[in-house]
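>>> Got a predicted model here, sequence first, then my questions.
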Amino acid sequence: MENIDYRYLCTVIGNLAGIPVRIFRGGTQVFYHSVVALPKDPMCAYREQILAVRPHVGYFITPHFHYYGVVAGEAEGEELRIVIGPSIQIKSGDQALKELAFRCDVPAEETDEFIAGMKSLVPLPPDSMLQILCTVNYIMNGEKLGLGDIYIYDAEQRGLKRQRETEQARQDFDADIHGPQAVHNTLALEQTIVNFVRRGDTAALRQWTKAAPAVRPGVLAADQLRQMKNTFIVTATLVSRAAIRGGMDVEEALSLSDAYIQKCELLHEPERITNLQYHMVFDYTEQVEKLRAVESPSKLVLEVTAYIRRHLSEPVTTEQIAAALFLSRSRLSVKFKQETGQNLIDFILKEKTDEAKRLLRYTDKPAAAISAYLGFSSQSHFSRVFKKYAGCQPNEYRKRFGG
């Protein structure tokens, strides 16, 4: 359609939805509007992936389950993209938002403002986001789409139906030759997986997945895509409860389960659902593994570790942990030393050093930014701590182990 004032359109949408809106022409951003004050656009952490969304109407979901909507078209001979988001259904915790601020290179003095802005974004259900995208797409491209056109692709479903019919024919043939086979084999597999998660045994889980048997969960839905999503929901329920039994904080485990399920519901490609499920199981297992890093950890040790992990971006002190656990500082220090053989301060700094190692290996952020993100008072303090627990300076570690 011609003579459309896209800036006006995006301003109205942003005001109505309460989330940021942008316009890109030929890959260059030409407009940004947000009713929420954010010192830096959170999209910058995932800009390349978001702009790579190809359909006229599509969406992108970040690892922290913030989602962006994208509408693509053409105006005056140039590619035009409108990007809406991020929006959420579940509020993100401070640690997740500090990590996002870190990825976006938000200055330390503006991080609190960034977090406050992200928390004030209006939670928008995925269906509402998609309705907005359909409306913008109609204005931009004159194309009438509904939610079913975005969630489910007819060609894909026809292919899945043929695949299902072929599989059923093969099973019927096998039954004629070899006799009827067991319909379900999930109980043993479920017990195996939840035991890996409960123990936090990522090494054993990784080895097991190399030769894991095919799952036969029975019929949970009339079509293959819904079947996979229902199986995903069952798996999320099982592994989240296993992680809680392994020591993971109840609220954290259940919120993570909700977020994974919501992300799964937005997917329409079977391989992406399978990949997300694989990532989810390992995510829970790794979380428990880190909590149980101390051999046979007590309830106190698990609670202390969980607190530190939730506050990695802060200068965590013994006093803060003691207050959170309703203990005196001296009582906490003595009990922790008795149960682990470590001083609590050493344990805190080791946890921060482990996170610094991960960031040095898997991001390109400078040591100064990592130091600020992890709550150290100065880069020199960070370097001294890192050298003490890692055996070398941060830059040396990156040269040795960086990708």
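Okay, I see it.
>>> residue ranges with poor pLDDT in the stretch 251-400 of the chain?
Along the stretch 251-400 of the chain, the parts satisfying pLDDT under 70 run over 293-296.
>>> my bad, the stretch 1-150 of the chain
Applying pLDDT under 70 to the stretch 1-150 of the chain picks out residues 1-2, 90, 148-150.
>>> need the helices for it, in chain order.
Using DSSP state H, counting those that start in this stretch, the helices found in the stretch 1-150 of the chain span residues 6-17, 47-51, 94-103, 111-119, 126-141, 147-151.
>>> mind saving the C-alpha coords of the fifth one as PDB?
Right, the one you point to is helix 126-141. Presented in PDB, the C-alpha positions along helix 126-141 are these (Å, rounded to 0.1, in the frame of the first residue of the first chain):
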ATOM      1  CA  PRO A 126       1.800 -14.100  22.400                       C
ATOM      2  CA  ASP A 127      -1.700 -14.200  20.700                       C
ATOM      3  CA  SER A 128      -2.100 -10.500  21.300                       C
ATOM      4  CA  MET A 129       1.400  -9.800  19.800                       C
ATOM      5  CA  LEU A 130       0.500 -11.900  16.800                       C
ATOM      6  CA  GLN A 131      -2.800 -10.100  16.300                       C
ATOM      7  CA  ILE A 132      -0.900  -6.800  16.200                       C
ATOM      8  CA  LEU A 133       1.500  -8.300  13.700                       C
ATOM      9  CA  CYS A 134      -1.400  -9.500  11.500                       C
ATOM     10  CA  THR A 135      -2.900  -6.000  11.600                       C
ATOM     11  CA  VAL A 136       0.400  -4.300  10.600                       C
ATOM     12  CA  ASN A 137       1.000  -6.900   7.900                       C
ATOM     13  CA  TYR A 138      -2.400  -6.100   6.400                       C
ATOM     14  CA  ILE A 139      -1.700  -2.400   6.300                       C
ATOM     15  CA  MET A 140       1.800  -3.000   4.900                       C
ATOM     16  CA  ASN A 141       1.200  -5.800   2.500                       C
END
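>>> Any figure for the gap between the residue nearest in space to the middle of the chain and Ala259?
Nearest to the mean C-alpha position of the chain, counting by C-alpha atoms, centre = their mean, stands Pro63 at 2.7 Å. Distance, Pro63 to Ala259, by C-beta to C-beta, to the nearest Å: 10 Å. Just so you know, the C-beta spots here come from the backbone N, C-alpha and C atoms, and that holds for glycine as well.
>>> One more: Lys337?
Separation of Lys337 from Ala259 (C-beta to C-beta): 36 Å.
>>> Phe376 too?
Separation of Phe376 from Ala259 (C-beta to C-beta): 30 Å.
>>> Next: Leu327.
Plainly put, Leu327 is 31 Å away from Ala259 if you go by C-beta to C-beta.
>>> do Arg384 as well
Noted for Arg384: a distance of 37 Å to Ala259, by C-beta to C-beta.
>>> Out of those two, name the residue with the larger neighbour count.
Ala259 (21 against 13; other C-beta atoms under 10 Å).
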